[in-house]
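Chemist: The sequence and its predicted three-dimensional model are supplied below.
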Amino acid sequence: MADQLALALALQDHATFDNFWQSSSNRLALRSAQTLAAQPGPGQLHLVGPEGSGRSHLLQAVCHQLLAAGETAVYLPLALLCEQAPAAVLEGLDAAAALCLDDLHGVLGDPAWDEALFHLYNRLRERGGRWLSAAHAAPGQLRCSLPDLRSRLGWGLVCQLAVLGDDERCAALQWRARRRGLDISDEVARFILHRAPRDLASLFELLERLDRQALAHKRRLTIPFLKSLLDW
């Protein structure tokens, strides 16, 4: 249990607002998360989007900002904790300034989880904490055994995120590369996109690896160099 919780509480270093690729499809979600992280007092936000849409990144970015400001913030990817006893996982979390619950759909519908989340929500709200959640659907479309919990999950702002198209993925990859001091041409970006996992988290992880290799070999990121490194 301790190892599982330690994994759940660990934030990815790159998951900050500065590193979030902004597009027309996620601008409202980004602004809403930034506002909630900056404002004192209570607040609520639910992010809707498929895996790879950036919802996990935004939840962790909120935690990063609050922790840097000396506040308490907890990020929990609930799909990884669904086999655990909810009371043990959620105990004491109502004292946090912000609670960020990812993959809410991974536990909703389980009566024990639903009841524990319902009481946690009420305690957090009474203390003036911020509640942020994310799932693949809006609160009204999620499976839930407690109508009162479903209703409460929909009280705040609900923002939709969409998976980026190929042009936006290429632009995001080039933008992230520039932040690392790399220059990636359109041709190289599309070469990577058509062969690597297509979600941004995986693309950015690959870019980090390529950056280290380019530095070690003192080479630019060209298609021949990528082929030699990755056996593509």
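Modeler: Looks like it came in fine.
Chemist: where's the nearest residue to Ile223 once chain neighbours are set aside, which helix or strand?
Modeler: Nearest residue to Ile223, sequence neighbours excluded (C-beta to C-beta, 6 or more residues apart in numbering): Phe191, at 5.3 Å. C-beta coordinates here come from the backbone N, C-alpha and C atoms, glycine included. Per DSSP states H and E, Phe191 falls inside helix 186-193.
Chemist: what do you get for Ala33?
Modeler: Assigned by DSSP H and E, Ala33 falls in helix 27-38.
Chemist: Centre-most residue in this protein?
Modeler: Residue closest to the average C-alpha location in the chain (C-alpha atoms, centre = their mean): Ser56, at 1.1 Å.
Chemist: Can you say which helix or strand has that one in it?
Modeler: helix 55-68.
Chemist: now the protein, which segments are flagged as low pLDDT?
Modeler: 1-9 (pLDDT under 70).
Chemist: Report whether His46 is found in a strand, as I expect.
Modeler: Yes - under DSSP: H, G, I helix; E, B strand; the rest coil, His46 falls within a strand.
Chemist: can you pull the contacts of the residue nearest to the centre of the chain?
Modeler: Applying C-beta atoms under 8 Å, 6 or more residues apart in numbering, we find Ser56 in contact with Ala15, Pro77, Asp102, Ala134, Ala201.
Chemist: could you point out which element follows the helix holding Phe191?
Modeler: helix 200-217.
Chemist: who touches that following helix?
Modeler: Residues contacting helix 200-217 (C-beta under 8 Å, 6+ apart): 14, 21, 52, 54, 56-57, 164, 169, 172-173, 176-177, 180, 182, 192-193, 196-197, 219-221, 225-226, 229.
Chemist: those helices in the protein, which residues are they?
Modeler: Taking DSSP state H to define them, one finds helices in the chain at 2-9, 27-38, 55-68, 86-90, 111-127, 147-153, 166-179, 186-193, 200-217, 223-230.
Chemist: just those helices: most buried one?
Modeler: Counting by mean count of other C-beta atoms under 10 Å, helix 55-68 has the highest mean neighbour count of the helices of the chain, with a mean of 23.
Chemist: Return the alpha-carbon coordinates of that helix using PDB.
Modeler: What follows is helix 55-68 as a C-alpha-only set of coordinates in PDB (Å, rounded to 0.1, in the frame of the first residue of the first chain):
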ATOM      1  CA  ARG A  55      -6.100  16.300 -18.500                       C
ATOM      2  CA  SER A  56      -3.500  14.500 -16.300                       C
ATOM      3  CA  HIS A  57      -0.900  17.200 -17.200                       C
ATOM      4  CA  LEU A  58      -3.200  20.000 -16.100                       C
ATOM      5  CA  LEU A  59      -4.100  18.300 -12.800                       C
ATOM      6  CA  GLN A  60      -0.400  17.900 -12.000                       C
ATOM      7  CA  ALA A  61       0.400  21.400 -13.100                       C
ATOM      8  CA  VAL A  62      -2.100  22.700 -10.500                       C
ATOM      9  CA  CYS A  63      -0.300  20.700  -7.800                       C
ATOM     10  CA  HIS A  64       3.100  21.900  -8.900                       C
ATOM     11  CA  GLN A  65       2.000  25.500  -8.700                       C
ATOM     12  CA  LEU A  66       0.400  25.200  -5.300                       C
ATOM     13  CA  LEU A  67       3.300  23.200  -3.800                       C
ATOM     14  CA  ALA A  68       5.800  25.800  -5.100                       C
END
